[in-house]
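# Predicted structure and sequence below. I'll ask about it afterward.
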Amino acid sequence: MSPLSINKLTVAYQKNPVLKNISFTIPEGNLIGIIGPNGAGKSTLIKAILELIPSIAGEVSIYGKTYKEMRKIVGYVPQRESVDWDFPTNALDVVMMGRYGHLGWIKRPRAKDRQIAMNCLEKVGMEGYAQRQISQLSGGQQQRIFLARALAQDAKIYFMDEPFVGVDAATEKAIITLLNDLKRQGKTVLVVHHDLNTVKEYFDWTILLNVHLIGVGPTEKLFTKENLQKTYGGKLTMLDSNSSPLIIS
């Protein structure tokens, strides 16, 4: 059963369609890049799947059920800019939030949950910052904390909205290492991504989106000059794997 299946999804803001008639199914255990220009509806797609915004038509199923039925196995890393980093809490408490779906009705974390949270901080290289206020962390450190929170949830499918934006090279390397670890565990990860030069290196599958679905499939087959031209239009300059210019006009 597919971890994610979408059928004729349409989303509009003030009657202006942002996503039109989107349908696709993805396989389990892959890293999947969601690619497209600004305003293409990439973040909107994730938010609609997670029911953070309403859709006007279409259906979304996660392992054959609704998001509400499966939310315990769904992890989400939002855009860093959308988070209130001045909220008075420390890094460990943020990561502990990922354990709430596993707690009983009392919602009181156990020693086991705290240990899991610390282990997740260690996986992203942030164990030494457990008691640090999140407002005192750098952008890359904040992103690692949110990745640790998603890890603590122990989900089967993850949605990450621009996790590589505004981070240093070391954090980007740590993130892609973590994503590959999740893949090896059989997890499915969908990532909104902007850097076209790393798409082939990072992702097994690609979703090309510009309000309409341009295409979805294995990156090696889908990530072509012709499909990128359909997605971005105009002229687009990027680098191929040999670091030579690729002009789409």
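Structure received. The structure displayed is predicted, hence computed values, not measured ones.
# give me phi/psi at Thr198?
phi -110, psi 0 (degrees, to the nearest 10).
# what are the bridge partners for the residue nearest in space to the middle of the chain, then?
Centroid check for the chain by CA atoms, centre = their mean gives Met160 as the closest residue, at 1.5 Å. When bridges are called by DSSP bridges, Met160 pairs up with Val77, Val191.
# In contact with it, which residues?
Residues near Met160 by CB atoms under 8 Å, 6 or more residues apart in numbering: Tyr76, Val77, Leu147, Ala150, Val189, Leu190, Val191, Val192. Using the backbone N, CA and C atoms, a C-beta is placed for each residue, glycine as well.
# Just name the closest of those residues to Thr25, please.
Lowest distance from Thr25 to those (CB to CB) belongs to Leu190, with 12.7 Å.
# burial of the closest residue to that closest one other than its chain neighbours, as a residue count?
Take Leu190 and drop its neighbours on the chain: the residue closest to it by CB to CB, 6 or more residues apart in numbering is Ile32, 4.7 Å away. Residues near Ile32, counting by other CB atoms under 10 Å, number 23.
# Tell me the helix or strand right after the one helix or strand Ile32 maps to.
Using DSSP states H and E, Ile32 sits within strand 31-35. Beyond strand 31-35 in the direction of the C-terminus, DSSP H and E gives the next helix or strand as helix 42-49.
# After that next one, heading C-terminal, what element do we hit next?
By DSSP H and E, the next helix or strand past helix 42-49 is strand 57-61.
# Now do the same contact list for Leu9.
By CB under 8 Å, 6+ apart, the neighbours of Leu9 are Leu19, Asn21, Ile22, Ser23, Leu45, Ala48, Ser55, Ala57, Gly58, Glu59, Val60.
# which one of the residues you listed sits closest to Gly101?
Closest to Gly101, out of all of those and judged by CB to CB, is Val60, at 19.1 Å.
# ok so, going back, want to try JSON lines for the contacts of Leu9, with distance to Ala130 as columns?
Output for the contacts of Leu9, formatted as JSON lines (distance: CB to CB, whole Å):
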{"residue": "Leu19", "distance to Ala130": "39"}
{"residue": "Asn21", "distance to Ala130": "46"}
{"residue": "Ile22", "distance to Ala130": "40"}
{"residue": "Ser23", "distance to Ala130": "43"}
{"residue": "Leu45", "distance to Ala130": "34"}
{"residue": "Ala48", "distance to Ala130": "34"}
{"residue": "Ser55", "distance to Ala130": "38"}
{"residue": "Ala57", "distance to Ala130": "45"}
{"residue": "Gly58", "distance to Ala130": "42"}
{"residue": "Glu59", "distance to Ala130": "41"}
{"residue": "Val60", "distance to Ala130": "36"}
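# all strands for the protein, in order.
Ranges of strands in the chain, per DSSP state E, are 4-13, 16-26, 31-35, 57-61, 74-77, 157-161, 188-192, 205-210, 212-218, 236-239, 245-248.
# With respect to Ile176, which of these lies nearest?
By CB to CB (comparing all of the strands of the chain), the closest turns out to be strand 31-35, at 8.7 Å.
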